[in-house]
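predicted model follows, preceded by the sequence.
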Amino acid sequence: MKPHRRKKLGIILFIAAGLGTAIGLSLYALSNNIDLFFTPTQVAAGEVTPGQRIRVGGMVKEGSVSHSQEELEVSFIATDYNNDVHILYAGILPDLFREGQGIVAEGAMRVDGIFQASRVLAKHDENYMSVEVKAALDAAGQVPGMPQGAN
Amino acid sequence: MWLWFSKLGSPRWFYELSSKWLPWLYALMFVMLGVGLVWALLFVPADYQQGQTIRIMYVHVPVASISLACFPLMAIAGTITLVWKMKLADMVAKSVAPIGAWFTGLALASGAIWGDQIWGTWWAWDARLTSLLIQFFLFVGVIALRSAIESPDAAAKACAVLAIVGAINVPIIKYSVEWWNTLHQPASSISFDAVAPNPPEIWVPLVIMILAVYVFFAISLILRTRNEILQRERRAQWVMDLVARDQQK
């Protein structure tokens, strides 16, 4: 490689590396703002002020879902297996909503510590398989790849 | 090696060689796309969670993976343009930008259709979705920058710089699902076991579709680049000969 080309390539690589570092550091600093949702542990640690519009994400706790008999209202607990958030929601739930499923709820924390959601979205995990394979795995008693919702 | 490198940089050499490649690429694409689409749309079993919606994956993943490959390709071509001033590299960089924009747009659109069904929303300001949207705007920006500068040499340099800088977004898109809490799920890991999550019956047709769409991408890029070669070299003797030969037929 000719010297002037080597120099040019060096400058380009240096600028790219410098910019990459700068952008990497700013993204790292902004990490909390880039996260789509708060985890129940973050909520328990008091990172959320009541009334502030936020999103909370977690798994729907087994046995925690209760539907109102008269209205669309549903109450459930979102958990990250360390802490829980009690969520109230009146509206149509996504098809994938069920116990053990990862969800993201948008709304605000009430003063009494209950999360009033105005929208509930379902997360899905990265494991795809047919009904038969899932049934075979369940029969074998394996639960591979715990669905990832909150970490 | 250096001889081969400088030869590859010759537009004429590329034009003649790619004429020989194209029929093979077309055949490969039709076979793979046919097999992949039929397999994915008719024979892949419905997912235990998502049902038939899983078939969107066989379009979404290939277009998204190619949209992520386009930017680094443009950045490498840009670096070659800046350092070695190879004419062909800039022609490739110019040709790949609209293709990349289309693939990014298709990845966003197919993802929105999928998300609407499964998440319950077609859009969220999630790190993966937002960084991919930024890539779409970067492609549009590169195209706009190229047409805004009149001198082809200056435009080539400016676009090369923007491509190199913009390529920093690619690892951000790739790892966004691991670095931050997102609605988008992380990348799947494949399994060779038939009774396991992501078994071969799910991923083999996906690999075929990814390769098929890659071949489609290669064909589109070669065709655009050939067009660009003819346009820029229109005063070269070999192009004039080519045109004369075509007119005689």
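Perfect, I can see it now.

so what's the residue nearest to residue A:109 when sequence neighbours are not counted up against?
Closest residue in space to residue A:109, ignoring its immediate chain neighbours: residue A:50 at 4.5 Å, by Cβ to Cβ, 6 or more residues apart in numbering or on different chains. Heads up, the C-betas are built off the backbone N, CA and C, glycines and all. Counting by Cβ atoms under 8 Å, 6 or more residues apart in numbering or on different chains, residue A:50 touches A:108-111.

now with 10 Å?
A:108-116 (Cβ atoms under 10 Å, 6 or more residues apart in numbering or on different chains).

from residue A:6, how far out is the most centrally placed residue in chain B?
Of all residues in chain B, the one closest to the mean position by Cα atoms, centre = their mean is residue B:66, 3.7 Å from it. Separation of residue B:66 from residue A:6 (Cβ to Cβ, to the nearest Å) stands at 32 Å.

rewinding a little: element containing the residue nearest to the centre of chain B, please.
helix B:57-84 (DSSP states H and E).

where along chain A do the strands fall?
A:53-60, A:66-67, A:73-79, A:84-90, A:102-109, A:115-122 (DSSP state E).

want to throw those into a markdown table with mean neighbour count and mean pLDDT?
A markdown table is the format used below for those (neighbours: other Cβ atoms under 10 Å in any protein chain shown; pLDDT from 0 to 100):
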| stretch | mean neighbour count | mean pLDDT |
| --- | --- | --- |
| strand A:53-60 | 22 | 90 |
| strand A:66-67 | 10 | 88 |
| strand A:73-79 | 20 | 91 |
| strand A:84-90 | 19 | 91 |
| strand A:102-109 | 22 | 91 |
| strand A:115-122 | 20 | 92 |
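
could I get these as CSV with distance to residue B:187?
Formatted as CSV, the strands of chain A follow (distance: least, Cβ to Cβ, whole Å):
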stretch, distance to residue B:187
strand A:53-60, 19
strand A:66-67, 35
strand A:73-79, 24
strand A:84-90, 28
strand A:102-109, 16
strand A:115-122, 19
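
and of those, who's closest to residue B:154?
Residue B:154 lies closest to strand A:53-60 among the strands of chain A, at 45.5 Å (Cβ to Cβ).

so for residue B:5, what's the pLDDT?
Looking at residue B:5, its pLDDT is 65.

what does the one 3 residues further on give?
Residue B:8 carries a pLDDT value of 66.

same thing with residue B:58?
So residue B:58 comes in at 94 (pLDDT).

now it: how far from chain A?
From residue B:58 across to chain A, the span is 11 Å (Cβ to the nearest Cβ, to the nearest Å).

tally of neighbours for that residue?
22 (other Cβ atoms under 10 Å in any protein chain shown).

my guess is it meets residue B:41, correct?
Yes. If you go by Cβ atoms under 10 Å, residue B:58 and residue B:41 touch, sitting 7.5 Å apart.

can you check which residues contact both of these two?
residue B:205.

contacting residues for the nearest residue to residue B:138 once chain neighbours are set aside?
Spatial nearest neighbour of residue B:138, chain neighbours left out: residue B:166 (4.2 Å); criterion: Cβ to Cβ, 6+ apart. By Cβ under 10 Å, 6+ apart, the residues touching residue B:166 are B:71, B:74-75, B:78, B:134-135, B:137-139, B:141-142, B:159.

before we move on, what about residue B:78?
So residue B:78 contacts A:12, B:89-90, B:92-93, B:142, B:156-167 (Cβ under 10 Å, 6+ apart).

so it versus residue A:130, what's the distance?
44 Å.

which parts of the chain are helices?
The chain I'm using is chain A. In chain A, the segments counted as helices under DSSP state H are A:3-29, A:31-34, A:40-44, A:131-140.

wait, I meant chain B there
B:2-8, B:11-38, B:57-84, B:87-118, B:127-148, B:152-166, B:169-179, B:200-232, B:237-248.
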